[in-house]
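Enquirer: Model the structure of this input:
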Amino acid sequence: MDLQSFSKLIAKRLYPLLRKEGFKGSGSTLRRIDGPLVHVFNVQGGSGGARCYINLGAHLSFLSTGTADWQPEKLTEAECAFRDRIEPPPEQRVGWFYGASEEEADRNVSALIAAWESQARAFFAPYAAYPADFVRLVEGLVPDEVHPATCLTMARLALELGNREKALALVDSGLARAKPQATSLLQSLSRMRETASASS
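Expert: Below you'll find the model as predicted:
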């Protein structure tokens, strides 16, 4: 069993479930688009040739640079602000094995469908509706508990949602903790602080 065969099995058995939940597309990536909000499901082949990774992403249009060219139908999981993977059963450890036979592959896809029901739905739940879910996300965030780069992303989100105070707190936390060699991040945080400070 190889990636192509395993992907066809995923497309046959899992994709109809995803489409019922609003995902569209074909091939290795499906997307669910609702205004500025995009959910991404992606099958990524592993380098060893025996397994793949199931990637999940959630993103908002205004978190991307160059939003004039925003094309949600082409958004990749790697470009998403919020990302995760559906983990395989413990015995597989890393990645989803294709299986040595059609029967084994079928069992693995059954396990993936079950994991979609539990893991993927749990991942997408906090990012299900804009703006309500994201208002709660921003309000519940403790700046010093997230990476400085995440502070930048969440500050953009906070400012878009009209929470200038939280945006400034996030930026200041990121500036205080970012490493000196992270010059690009520091510059972006500084520009974001100027933007947030100037907003009314």
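
Enquirer: now do the same end-to-end measure for stretch 11-23.
Expert: The first and last residues of stretch 11-23 sit 12 Å apart, counting by Cα to Cα, to the nearest Å.

Enquirer: Check stretch 113-124 too.
Expert: Using Cα to Cα, one end of stretch 113-124 lies 15 Å from the other.

Enquirer: And the residue most central in space within the chain, how close does it get to residue 63?
Expert: The centre of the chain sits closest to residue 57, judged by Cα atoms, centre = their mean, with a distance of 2.1 Å. In this view, residue 57 and residue 63 are 12 Å apart by Cβ to Cβ, to the nearest Å. Glycine gets a C-beta too; all of them are placed from N, C-alpha and C.

Enquirer: before we move on, back to that, can you check my assumption that the residue nearest to the centre of the chain lies in a helix?
Expert: No - the assignment for residue 57, made by DSSP: H, G, I helix; E, B strand; the rest coil, is strand rather than a helix.

Enquirer: Give me the nearest residue to it, chain neighbours excluded.
Expert: In space, and not counting its chain neighbours, residue 57 is closest to residue 80: 3.0 Å by Cβ to Cβ, 6 or more residues apart in numbering.

Enquirer: wait, doesn't the residue nearest to the centre of the chain sit right on residue 86?
Expert: No - shown here, residue 57 and residue 86 do not form a contact pair, counting by Cβ atoms under 8 Å, at 11.9 Å.

Enquirer: CA-only coordinates of the longest helix belonging to the chain in PDB, if you can.
Expert: If you go by DSSP state H, the chain has its longest helix at helix 183-198. Extracted C-alpha coordinates of helix 183-198, given in PDB (Å, rounded to 0.1, in the frame of the first residue of the first chain):
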ATOM      1  CA  THR A 183      15.000  40.500  14.700                       C
ATOM      2  CA  SER A 184      12.100  40.000  12.200                       C
ATOM      3  CA  LEU A 185       9.700  39.100  15.000                       C
ATOM      4  CA  LEU A 186      10.800  42.000  17.100                       C
ATOM      5  CA  GLN A 187      10.300  44.400  14.200                       C
ATOM      6  CA  SER A 188       6.900  43.100  13.600                       C
ATOM      7  CA  LEU A 189       5.900  43.300  17.200                       C
ATOM      8  CA  SER A 190       7.200  46.900  17.400                       C
ATOM      9  CA  ARG A 191       5.200  47.900  14.300                       C
ATOM     10  CA  MET A 192       2.200  46.200  15.800                       C
ATOM     11  CA  ARG A 193       2.600  48.100  19.000                       C
ATOM     12  CA  GLU A 194       2.600  51.400  17.000                       C
ATOM     13  CA  THR A 195      -0.500  50.300  15.200                       C
ATOM     14  CA  ALA A 196      -2.300  49.300  18.400                       C
ATOM     15  CA  SER A 197      -1.200  52.500  20.200                       C
ATOM     16  CA  ALA A 198      -2.500  54.700  17.400                       C
END
